[in-house]
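Engineer: Just to be clear, the model below is a prediction. Sequence and coordinates:
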Amino acid sequence: MVNTTNRLEGRVKAPPSKSYTHRAVIGASLADGISKVINPLWGADCLSSVHGCKMLGAEIELKKDEDEWIIKGGELKTPDNVIDIGNSGTTLRILTSIASQIPRGYAVLTGDDSIRKRPMQPLLDALKQLNIKAFSSKLDGTAPIIVKSGKIDGNMVKIRGDISSQFITSLMMFLPFNKEDTEIILTSPLKSKPYIDITIDILNTFGIKIEETENGFLVYGNQKYKAIDYIVEGDYSSASYLIAAGVLINSNITIENLFANSKQGDKAIINIVKKMGADIKVKKDKVIIEGEYNLEGIDVDVRDIPDLVPTIAVLGCFAEGKTEIYNGEHVRLKECDRLNACATELKKMGAEIKEKQDGLIIRGVKKLRGAKLNTYHDHRLVMAFTVAGLKAEGKTIIEGEEAVKISFPNFVNVMKSLGAKIEVIK
């Protein structure tokens, strides 16, 4: 339950990046030797990647006290059971390709209800072009996915760039095992490109070389991952809820562990709130907010920042004038259809919001009222709607708050430490 909150104050750390943690633990599992992932995100999705890597042969020791994971990698094995990756689309997509490099036999990957609806066919089609057999057990392009051990054959793969950047990340992490260089050719414009930048950044650190080409990417063949110690930076996607709360409510908050030179696309939240009129201060590794600010509606292209849509939708409700979110068809393919969910649920609070095929049109009403909201088991909706509830009049009931464990396990405690009036009702 979320109650109206009039003041937020304090200093908090942004949680570690989910995207970087996933890629770091998988990269370390493919490296010969011992790596450390320091300051990892202990969220359910990243722990799904830990579980998947263990099933594929990595030895991983989780040290909560030292806040690090120690990974002995380099030798893939045939899993002795089905790999259940829970709710993690990133894990499913990256490990589907990697699983083809087991010494013999098959790997089977599956997950929860939501995961078993997420599209996989473009990746399966891409792997087929490289002589890798991977297919849906239901033959409908969704998990469970069965992957056969096989050698990569071919030097070119074509794939769409507009459904999920995770397919391309998957190919990038697996193609260094090819004996020859491989060209990834994108047959449609790339969406969510910052996630690909993160992948290339991490792979560079693990000693893997990839180059951008005119119509895609070139992955050099016969490369080996090298064992390293890797420190995970803070997560701008998760910090977006803290930033939104700070700009909407009378506040004086500092968010640490946010790097100004980060490759994360969701760093765009800084420029979005500035463009809306919030004069927040950005230092080398922290953001300082002294709200509240009078916000004005803006148009936002979310092609590269799909995870920010719920945050922007909430900000738009309290801004003056019109906020339009566009170029976001792919936002419908996340944990739930986030465009429809934002429109449906925020309307219950009195928002004036219209759904389009590729986005939302929001007319700022400045005031929302408390309501009972469905979050569709989606962690980003839980956090964005919590921010709406802090600013709304009356009580807001958020159903399914436990979904935050996916990306920001201590979200409620962090918000309460700043003064947010939140109660978890058991």
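Structural biologist: Looks like it came in fine.
Engineer: What ranges does this structure have for its helices?
Structural biologist: Assigned by DSSP state H, the chain shows helices spanning 18-30, 44-55, 89-98, 121-129, 165-174, 193-205, 236-248, 268-275, 309-318, 338-348, 379-391, 411-417.
Engineer: nearest to Ser262, of these?
Structural biologist: Proximity to Ser262, assessed across the helices of the chain by CB to CB, is greatest for helix 236-248 (6.6 Å). C-beta coordinates here come from the backbone N, C-alpha and C atoms, glycine included.
Engineer: would you turn the helices of the chain into TSV with distance to Gly221?
Structural biologist: As requested, the helices of the chain are exported to TSV (distance: least, CB to CB, whole Å):
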stretch	distance to Gly221
helix 18-30	15
helix 44-55	23
helix 89-98	15
helix 121-129	16
helix 165-174	12
helix 193-205	14
helix 236-248	33
helix 268-275	34
helix 309-318	38
helix 338-348	38
helix 379-391	37
helix 411-417	42
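Engineer: so which of the ones you listed gets nearest Asn261?
Structural biologist: Between these, helix 193-205 lies closest to Asn261; by CB to CB that is 10.9 Å.
Engineer: Pull the contacting residues for Glu75.
Structural biologist: By CB atoms under 8 Å, 6 or more residues apart in numbering, the residues touching Glu75 are Asp32, Gly57.
Engineer: How much space separates it from Ile163?
Structural biologist: 32 Å (CB to CB, to the nearest Å).
Engineer: and if you look at Met172?
Structural biologist: Distance of Met172 to Ile163, computed by CB to CB: 16 Å.
Engineer: Among the two, which residue is more densely surrounded?
Structural biologist: Set side by side, Met172 and Ile163 show more neighbours around Met172, with 23 against 20, by other CB atoms under 10 Å.
Engineer: Tell me how many other residues surround the nearest residue in space to the more buried one that is not next to it in sequence.
Structural biologist: Excluding the flanking residues, the one nearest Met172 by CB to CB, 6 or more residues apart in numbering is Thr199, at 5.4 Å. A count of nearby residues for Thr199, using other CB under 10 Å, gives 28.
Engineer: swap in Gly216?
Structural biologist: 21.
Engineer: Could you tell me how far the nearest residue to Ile406 once chain neighbours are set aside is located from Phe411?
Structural biologist: Nearest residue to Ile406, sequence neighbours excluded (CB to CB, 6+ apart): His379, at 4.2 Å. Distance, His379 to Phe411, by CB to CB: 8 Å.
Engineer: Pull up the distance across stretch 54-63, start to finish.
Structural biologist: This stretch, stretch 54-63, spans 15 Å end to end (CA to CA, to the nearest Å).
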